[in-house]
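Novice: Predicted model, plus sequence, below.
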Amino acid sequence: MFRYALGGLNNVWQMTIKDTSLVSVVGLQELMRVSAIAAGITHSPLLFYMIAGFVFLFITWTSQRTFAFLERSLNRGFAGGR
């Protein structure tokens, strides 16, 4: 059953990371605040906001890769699995 539910769980997890208050738990709000402070001090906002964007991208990419690994592992040995 978990094997069938994993795709939907991945979708909900990615939406939760990107759209809800879990983002504050992950630290995006804090990351953006620190970036804004650093950008204000150095007058170089592009650099710090790009770094913050890459950190957030890394968080979502790592999460996506983890779910893909779990799906491959759970589908091993079933028809259509790898």
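Specialist: Cool, got the structure.

Novice: And the residue nearest to the spatial centre of the chain, how far from K18?
Specialist: Most central in the chain under CA atoms, centre = their mean is T60, positioned 1.8 Å from the mean C-alpha point. Going from T60 to K18 by CB to CB, to the nearest Å gives 7 Å. For the C-beta atoms, the positions are set from N, CA and C on the backbone; glycine is no exception.

Novice: again, but for L57
Specialist: Look at L57 and K18: by CB to CB, they are 11 Å apart.

Novice: can you give me the helices in this structure?
Specialist: Per DSSP state H, the chain carries helices over the ranges 2-19, 22-26, 28-42, 45-75.

Novice: Lowest average confidence across the ones you listed, which one?
Specialist: Sorting these by mean pLDDT places helix 22-26 lowest, at a mean of 54.

Novice: How about the contacts made by the residue nearest to the centre of the chain?
Specialist: The neighbourhood of T60, defined by CB atoms under 8 Å, 6 or more residues apart in numbering, consists of 14, 17-18.

Novice: same check, this time on A52
Specialist: Counting by CB under 8 Å, 6+ apart, A52 has contacts 31-32, 34-35.

Novice: Counting neighbours, go ahead and name the busier of L57 and K18.
Specialist: K18 (14 against 10; other CB atoms under 10 Å).

Novice: still on that earlier bit, write the PyMOL selection for whichever of the contacts of A52 are buried.
Specialist: Under the burial definition 16 or more other CB atoms under 10 Å, those of those that qualify are selected in PyMOL by:
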select buried, resi 31+32+35
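
Novice: tell me which of the contacts of A52 is nearest to A79?
Specialist: Top of the list for closeness to A79, among the contacts of A52 and by CB to CB, is L31 at 43.0 Å.

Novice: now that closest one, nearest residue through space, not along the chain?
Specialist: A52 (5.0 Å; CB to CB, 6 or more residues apart in numbering).

Novice: No further questions, thank you.
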